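Chemist: Predicted model and sequence below, questions to follow.
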Amino acid sequence: MNSGPAHTSPLGFSAPMYHTVLSLGSNLGDSEALVAWVVANARQLGSVKTVSSMYSTPPWGGVEQPDFRNVTMAVESEYTPRQWLLWGSNLEARAMRTREVRWGPRTLDVDVIASWLLADDGGPLDVFSDDPDLLLPHPRAHERAFVLTPWLEIEPHARLHGRPIDELLAETRADERAAIRLIGPVPDVDPDQPPVCAE
């Protein structure tokens, strides 16, 4: 990750820039279109740095349910991690996301995994948060192959909790890694038209 040139706010002063990693998932409705719709909305903001391929992944947490479609996306903008959380929550609501069962099936899941402040005079600085609504770095992402596999595709030298993500991925369950299947590129969809979310 490179800090790049300084960005200036409309008020004329240098505005902080953040590099933030988001994990997207769905296993209800048209899952591929729903995940692609999130990517399309981020692209509409002009914030997408890079986006992984789409993967089919087994459910995590022991609840019987369909496989997921997952994508990991890196974004760079003046949005703070909390703003990305609120942005994702708004899209989840528009996709009729419900939360009756922990780790249960869902139309859409947008998680903030990690974030770095891009300093003008040096390398990226880790962003930490102990807010229960936004723990950063994500406290369980290092256990989840469905996050690490697509993330490794787009940022092979990234680190999480101070460790390379390829090492973390190698420590996840072998059967979980083996069950992950590459689907292909994220399709183009209309960001202004949420996919139908019939279950």
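Modeler: Yep, it's here.

Chemist: For this protein, give me the ranges with low pLDDT.
Modeler: Applying pLDDT under 70 to the chain flags the ranges 1-14, 60-63, 97-104, 121-122, 196-199.

Chemist: Show me the strands in it, by range?
Modeler: 7-8, 14-15, 17-26, 48-51, 54-57, 68-77, 109-118, 124-126, 129-131, 134-136, 159-160, 163-164, 181-184 (DSSP state E).

Chemist: can you put those strands in a markdown table and add mean neighbour count and distance to residue 147?
Modeler: Placement of C-beta: from N, CA and C, glycine included. A markdown table is the format used below for the strands of the chain (neighbours: other CB atoms under 10 Å; distance: least, CB to CB, whole Å):
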| stretch | mean neighbour count | distance to residue 147 |
| --- | --- | --- |
| strand 7-8 | 12 | 28 |
| strand 14-15 | 12 | 29 |
| strand 17-26 | 25 | 5 |
| strand 48-51 | 18 | 14 |
| strand 54-57 | 22 | 9 |
| strand 68-77 | 24 | 6 |
| strand 109-118 | 22 | 6 |
| strand 124-126 | 14 | 17 |
| strand 129-131 | 11 | 17 |
| strand 134-136 | 16 | 14 |
| strand 159-160 | 18 | 9 |
| strand 163-164 | 12 | 14 |
| strand 181-184 | 12 | 15 |
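
Chemist: Just tell me which of these ends up closest to residue 143.
Modeler: Of all the strands of the chain, it is strand 159-160 that lies closest to residue 143, at 10.5 Å by CB to CB.

Chemist: Measure how buried the residue nearest to residue 69 when sequence neighbours are not counted is and give me the count.
Modeler: Nearest non-adjacent residue to residue 69, counting by CB to CB, 6 or more residues apart in numbering: residue 31, 4.1 Å away. Residue 31 has 23 neighbours, counted by other CB atoms under 10 Å.

Chemist: Is residue 31 in contact with residue 68, as I believe?
Modeler: Yes: in this structure, residue 31 is within contact of residue 68 by CB atoms under 8 Å, at 7.0 Å.

Chemist: Which residue comes closest to residue 74 once chain neighbours are left out?
Modeler: The nearest residue in space to residue 74 (CB to CB, 6+ apart) is residue 49, at 4.4 Å.
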